[in-house]
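Chemist: need a 3D model of the following:
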Amino acid sequence: MNSQKIESGMNFQLFRKLFKNMPLILYALDSDWNFILSEGYGLKKLGLEPGQVIGLSAKEIYRDIPDVQIALAKAFQGESVNMSHLVGDIWMENYIVPIYDSQGILEGVAGAAIDITVEKKAQKELEDTLNLQQALIDSAPGILYMYNADQELIYWNKNHELITGYSNSELSKMTLMDWYKGDPQSKEAVIKGLSNTSKTGFGSAEAFLRCKNGTKKFFYLTACPVKVHEENCFVGVGVDISDRRNAELKLVDLNKNLEKQIDDRTADLKRANADLVSTNAMLASRNEELGKANEKLRNMQNFLIESEKMAALAGLVAGVAHEVNTPLGIGVTAASHLSDMSTELIEAIQNKKLNDSQLSGFIADIKDGSDIILHNLNRAGKLIQSFKQLSVDQSGEPKRIFEVGSYMEEILQSVSPSIRKTKIKISVVCPESIVVNGYPGAFAQIITNLIMNSTIHAFPTDSEGTITITLTRQKDLLLVVFEDDGIGMPPDVLSRLFEPFFTTKRTTGGTGLGLSVVYSLVTQKLGGTIECKSSVGKGTKFTILFSRGSAAS
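Modeler: Purely as a prediction, here's the structure:
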């Protein structure tokens, strides 16, 4: 078949201009697979010009596209072929038909091709979208469904099969109400939900779904209307809420049990409250009695503390009386001696028996006696003055300024009669003058009680020992450290040291108030702190710290 003959038969010249501007490719091959026609604007996308491949073999041109060679071979065998294939990155849709002469002999093939790249891309995107949608539908944790107007199931997801146990072919025969046979309550809930779907565009229901194995699962079901091919349908999802329903039922049972327990507990509480009211009344009565007893005990304690103070003062009086008695006795003796000498002197003068030597002796004796009387009277006066000051301080005088170093001497002088009977030495360390604006009486009683406590408890009878009292100033505070090197005390005694009425000398007349009074005076009267450290065989140490007052310098 030659080109001139085909062109004449197809009136090719009449359509050449039309083919040239159409987005098609028109071609024809002779029986030897050589191109005898190649026209159309679509050739430009392949980088060809019309007529460029005429005379070339299609087998050579399509040697790398076997699908085209197979399609052409089918056309040469008398088949009409429709195919799509890729040329580079361009998708072509090909229509190939055989060409016969007037005697029915195959002369060649003709074809038309068009660029369908855009359509292919759109189709691919659509397929991807559909695949994504299907993947999302299949991955949904519940069931997805679509029913038509006759309530026939026409679409479902994979989980619909897995959850209910029905196969694909079985589900295709299911109707909506098949799920609720024998369960009128669930059926009524679904019908009500569908009614809401028609009225408002959305409906829901909670119902049991009967599975293939006979079990029932409780589902939350939804429905929304949709048109498919002009047919009214509805779509929805179902979520298995069996666990939630079981939990709710358990919660209802639990609430019932709790209500019963609450009622029982309320009854118990009412009974207990009645008992409590009765007990409270009894306790109120007992508290009133205890209050009265406590008041009596407090009065008794105050009385005993005052008694302890008076006992200390009595001891002080006795000591001072003893001390004063000695100089006064000496003074009385000296005065008596002077009286006798005066009588002798008068008689000697009257009898005129007094010589110069005797007169000198009388005068010397009178001077010595006068000196003895004066010295002892001064000594007694000093003792009485110290006693007077201490007794006034301890009887509750108001706050005043005093110098602790010199005041310590007066305190030690007042207790010296008691200390003189022992082998105990008292050492006072006060490196500087320390002035305090406070209560000297309370301070004196603290020191006196500590000294008496040490002499009674720290040193056995006739044993030697030392008491050291150190006074130092710490800014606006006074630090008093009272130490003895006595026998010390065990922990059980130390822990109760300041308790009122606690004493280890009860059988020998101890009251247990000495250190209790010290604690009260330090913490309440002076507003300070006191602590004690001691161990058996290592002595005892009291540390007292209190304010020196605003007037201290």
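Chemist: what's near enough to touch the closest residue to residue 485 other than its chain neighbours?
Modeler: Across the structure, with Cβ to Cβ, 6 or more residues apart in numbering as the measure, the residue nearest residue 485 apart from its sequence neighbours is residue 539 (4.5 Å). Every C-beta, even on glycine, is put in place using the N, C-alpha and C of the backbone. Residues near residue 539 by Cβ atoms under 8 Å, 6 or more residues apart in numbering: 458, 483, 484, 485, 486, 487, 488.
Chemist: dump these to TSV, plus distance to residue 193.
Modeler: Written out in TSV, the entries for those read as follows (distance: Cβ to Cβ, whole Å):
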residue	distance to residue 193
458	98
483	96
484	98
485	100
486	98
487	97
488	93
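Chemist: pull out the buried members of those.
Modeler: In terms of neighbour count (16 or more other Cβ atoms under 10 Å), the buried residues within the contacts of residue 539 are 458, 483, 484, 485, 486, 487, 488.
Chemist: contacting residues around the fifth one?
Modeler: For residue 486, the contacting residues are 454, 457, 458, 459, 465, 539, 540, taking Cβ under 8 Å, 6+ apart as the criterion.
Chemist: from these, which is closest to residue 221?
Modeler: Using Cβ to Cβ, the shortest approach to residue 221 within the contacts of residue 486 belongs to residue 540, at 89.8 Å.
Chemist: give me the phi and psi angles of the closest one.
Modeler: For residue 540, the backbone dihedrals are phi -140, psi 140 (criterion: degrees, to the nearest 10).
Chemist: what's the most distant pair in the contacts of residue 539?
Modeler: The widest separation within these, taken as Cβ to Cβ, falls between 483 and 487 and amounts to 13.6 Å.
Chemist: how about low-confidence regions in the protein?
Modeler: Within the chain, the stretches with pLDDT under 70 are 1-22, 297-326, 334, 375, 378-397, 501, 505-513, 550-553.
Chemist: what is the helix or strand that contains residue 343 packed up against?
Modeler: If you go by DSSP states H and E, residue 343 is part of helix 242-350. Contacts defined by 3 or more Cβ pairs under 8 Å, 6 or more residues apart in numbering; DSSP states H and E place helix 242-350 against strand 216-228, helix 356-394, helix 404-420, helix 440-453, helix 514-520.
Chemist: dump the ones you listed to CSV, plus distance to residue 130 and mean neighbour count.
Modeler: As requested, the helices and strands packed on helix 242-350 are exported to CSV (distance: least, Cβ to Cβ, whole Å; neighbours: other Cβ atoms under 10 Å):
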stretch, distance to residue 130, mean neighbour count
strand 216-228, 16, 17
helix 356-394, 110, 15
helix 404-420, 105, 18
helix 440-453, 102, 23
helix 514-520, 95, 21
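Chemist: what would these look like in JSON lines with distance to residue 111?
Modeler: Written out in JSON lines, the entries for those read as follows (distance: least, Cβ to Cβ, whole Å):
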{"stretch": "strand 216-228", "distance to residue 111": "39"}
{"stretch": "helix 356-394", "distance to residue 111": "138"}
{"stretch": "helix 404-420", "distance to residue 111": "132"}
{"stretch": "helix 440-453", "distance to residue 111": "130"}
{"stretch": "helix 514-520", "distance to residue 111": "124"}
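Chemist: among these, which is nearest residue 32?
Modeler: Taking Cβ to Cβ as the criterion, strand 216-228 is the member of the helices and strands packed on helix 242-350 that comes nearest to residue 32, at 54.4 Å.
Chemist: need the contact partners of that closest one.
Modeler: Residues outside strand 216-228 that contact it (Cβ under 8 Å, 6+ apart) are 142-143, 146, 148, 163, 183, 190, 193-194, 197-198, 201-211, 232-242, 245.
Chemist: coming back round to it: which ones among the contacts of residue 539 lie within helices?
Modeler: The members of the contacts of residue 539 all map outside helices under DSSP state H.
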